[in-house]
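> What follows is a predicted structure for the sequence shown.
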Amino acid sequence: LKLRGLPWDLVEGALLKARDARMKILDFMATVLPASRPDLSPHAPRIHQVKIDIEKIGALIGPGGKTIRRITELSGAQIDIEDDGTVSIFAVSKDAMDTAIREVELIVAEAEEGKIYDGVVTGIKEFGAFVEILPGKDGLVHISELSDKHVKRVEDVCKVGDRMWVKCIGVDDRGRIKLSRRQAMQERDAHR
């Protein structure tokens, strides 16, 4: 004995009862939580994707995976990098996600002309000081850009490991970053 289908009035009745039940559930949910939360719980797992220049993939991974391992150990997040430059970050909390995103952005960041950076002196030569302004990105502060006053020796102003505020005054066509401590100090003094 085969049935040709359900009678329409039976289907219609079942759908109406299901709709009424669904509305009761939604009404009850609205009394408990009248509006959706503006943000996820700080402890909720998260996924974030960012697109980077494919030329930056190597810098993000680092030699032998050293850089990406450091970020994952520091943040606790998992990071996947695709060949097209898509970086997927998986984290178990907001803090872990924020840390991972900040570290990735620092590594792929470019020096911006006119921006002031808090850098660390990484090397000294007769003609100036090399200052790291972003992870793995050093620029040169020429001896003439170290101070408003005449500087005889770079060592009179700074030594390796010193922190200094510098302004990016240009990036040449070979990617070399030109910095100025003198201009950064002038801007700082002007804002005081």
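Structure's in. What do you need? Numbering: from 1, shown residues only.
> buried set for the helix or strand hosting Q183?
Here Q183 is covered by helix 181-190, with elements defined by DSSP states H and E. Neighbour counts over helix 181-190 (16 or more other CB atoms under 10 Å) mark 181-185 as buried. The C-beta positions use only the backbone N, C-alpha and C, and glycine is treated the same way.
> Same question for stretch 88-102.
The neighbour-count check on stretch 88-102 (16+ other CB under 10 Å) flags 89, 91, 93, 96-97, 99-101 as buried.
> what about dumping the CA coordinates of it to PDB?
Provided in PDB are the C-alpha atoms of stretch 88-102 (Å, rounded to 0.1, in the frame of the first residue of the first chain):
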ATOM      1  CA  SER A  88      44.600  33.400   8.600                       C
ATOM      2  CA  ILE A  89      44.900  33.800  12.400                       C
ATOM      3  CA  PHE A  90      43.000  31.500  14.700                       C
ATOM      4  CA  ALA A  91      43.000  32.400  18.400                       C
ATOM      5  CA  VAL A  92      41.200  31.200  21.600                       C
ATOM      6  CA  SER A  93      40.800  34.700  23.000                       C
ATOM      7  CA  LYS A  94      40.600  38.400  22.200                       C
ATOM      8  CA  ASP A  95      44.000  39.100  23.800                       C
ATOM      9  CA  ALA A  96      45.700  36.300  21.800                       C
ATOM     10  CA  MET A  97      44.100  37.600  18.600                       C
ATOM     11  CA  ASP A  98      45.100  41.200  19.200                       C
ATOM     12  CA  THR A  99      48.700  40.200  20.000                       C
ATOM     13  CA  ALA A 100      49.000  38.100  16.900                       C
ATOM     14  CA  ILE A 101      47.500  40.800  14.600                       C
ATOM     15  CA  ARG A 102      49.800  43.400  16.100                       C
END
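> quick one: it to chain centroid distance?
The chain centroid and the centroid of stretch 88-102 are separated by 9 Å under CA atoms, centre = their mean, to the nearest Å.
> Correct me if wrong: S180 contacts V166.
Yes: using CB atoms under 8 Å, S180 is in contact with V166, at 6.4 Å.
> give me the low-pLDDT residue ranges for the chain?
Applying pLDDT under 70 to the chain flags residues 1-3, 192.
> Let me see the ranges of the strands in it.
Secondary structure of the chain (DSSP state E): strands located at 46-51, 78-81, 86-91, 116-125, 128-134, 137-142, 163-171, 177-180.
> Quick check: end-to-end length of stretch 101-116?
21 Å (CA to CA, to the nearest Å).
> Report the buried residues of that stretch.
Going by neighbour count (16+ other CB under 10 Å), the buried part of stretch 101-116 is 101, 103-104, 107-108, 111, 116.
> Let me know the closest of those residues to R153.
Comparing the buried residues of stretch 101-116 against R153 with CB to CB picks out I116 as the nearest, at 24.9 Å.
> Measure how far the lengthiest helix in the chain is from the centre of its chain, please.
Assignment by DSSP state H gives helix 8-32 as the longest helix of the chain. Distance, stretch centre to chain centre, for helix 8-32: 46 Å (CA atoms, centre = their mean).
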